[in-house]
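> can you look at this prediction? I've put the sequence above it.
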Amino acid sequence: MKGIRHFVVENVRTARRFLKRWDRGFDIDSMTFYELNGHTDPRAVSSYLDPLRKGESVGVMSEAGCPGVADPGASVVEIAQREGLRVVPMVGPSSILLSLMGSGFNGQGFSFNGYLPIDEKERAKAVRELEILCSRKGQTQIFIETPYRNNRMVKFLSETLRGDTLLCVACDITDPEKESILTRRASEWKNSTENYDKRPAIFLIHREGGGR
């Protein structure tokens, strides 16, 4: 980290804050930051690698997870790979893998599905299709929701899934005070009093009898 002077980040302000907290002696003003998020012009991404093309290291940081894994970063790596530039992945927390580890579900076969459809009918159809995959292939199905809709997602899943389908909600992973990873049957979630709104959460479903 101390040898890197160029960073591709989701948000410059929070990246600067993190680096300063990590090492108070870190010379933030000597760093160059490039933002990569939903507002970034795709045509600008290639230029972020100009220092790498000149032999300097470029780091990629995401806000709350692993770059390129359900987080920005893949587009930069794609360009680097295409040009034969060296890519070195560093170990970091992945909410997807950590939630799977804590769920008790099948870790030999699983699928991350991102966000489900917003339309309720389409969402119900998608959930039932994922549930079928759980039964047929023994796969764990993983997805996410916009944080302010988490409580509605729990209610929706408890009413849409079969009662004996297992649902795990993993929330605030790695937060020593708030972390919560709970696995229950869908029918048991109907009376849940947990408040997941405005908290980063991962949802996982599994059918008993699937592979482990």
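Perfect, thanks for sending it.

> hang on, residue 154 packs against residue 195?
No: under the criterion of CB atoms under 8 Å, residue 154 is not in contact with residue 195, lying 9.9 Å apart. Heads up, the C-betas are built off the backbone N, CA and C, glycines and all.

> which of the two has more neighbours?
residue 154 (23 against 11; other CB atoms under 10 Å).

> residues of the one helix or strand the more buried one maps to that come out buried?
Using DSSP states H and E, residue 154 sits in helix 150-160. Neighbour counts using 16 or more other CB atoms under 10 Å place 150-151, 153-154, 156-158, 160 of helix 150-160 among the buried residues.

> what does it rub up against?
Residues outside helix 150-160 that contact it (CB atoms under 8 Å, 6 or more residues apart in numbering): 120, 123-124, 127-128, 145, 167, 169, 171, 186-187, 189-190, 192, 194-199, 201, 203, 205.

> 7 Å - rerun?
If you take CB atoms under 7 Å, 6 or more residues apart in numbering as the criterion, helix 150-160 is touched by 124, 127, 145, 167, 169, 186, 189-190, 192, 195-197, 199, 201, 203.

> just the buried ones among those, please.
In the contacts of helix 150-160, the ones that pass as buried (16+ other CB under 10 Å) are 127, 145, 167, 169, 186, 189, 192, 196, 199, 201, 203.

> quick check: the residue nearest to residue 149 when sequence neighbours are not counted vs residue 171, distance?
The shortest distance from residue 149 to any non-neighbouring residue, by CB to CB, 6 or more residues apart in numbering, is to residue 197 (7.7 Å). Residue 197 is 10 Å from residue 171, where distance means CB to CB, to the nearest Å.

> what do you get for residue 196?
5 Å.

> list the contacts for residue 102?
With CB under 7 Å, 6+ apart, residue 102 has these contacts: 170, 181.

> okay, the residue nearest to the spatial centre of the chain: pLDDT?
Closest residue to the average C-alpha location of the chain: residue 70 at 4.2 Å, with CA atoms, centre = their mean. What the model reports for residue 70 is a pLDDT of 86.

> that one against residue 97, yeah?
No: applying CB atoms under 7 Å as the test, residue 70 and residue 97 come out as separate, 10.3 Å apart.

> dump the C-alpha coordinates for the lowest-mean-pLDDT helix or strand in the chain into CSV.
Ranked by mean pLDDT, DSSP states H and E, the weakest helix or strand in the chain is helix 12-22, scoring a mean of 92. Below are the C-alpha coordinates for helix 12-22, written out as CSV (Å, rounded to 0.1, in the frame of the first residue of the first chain):
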residue,chain,number,x,y,z
VAL,A,12,-12.4,9.7,-3.3
ARG,A,13,-13.5,11.2,0.0
THR,A,14,-14.0,7.9,1.8
ALA,A,15,-10.9,6.4,0.2
ARG,A,16,-8.8,9.2,1.5
ARG,A,17,-10.3,8.9,4.9
PHE,A,18,-9.6,5.1,5.0
LEU,A,19,-6.0,5.5,4.0
LYS,A,20,-5.4,8.2,6.6
ARG,A,21,-7.0,6.0,9.3
TRP,A,22,-4.9,3.1,8.2
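
> picking that back up, between the buried residues of helix 150-160, which sits nearest residue 34?
Here the nearest of these to residue 34, counting by CB to CB, is residue 150; it sits at 31.2 Å.
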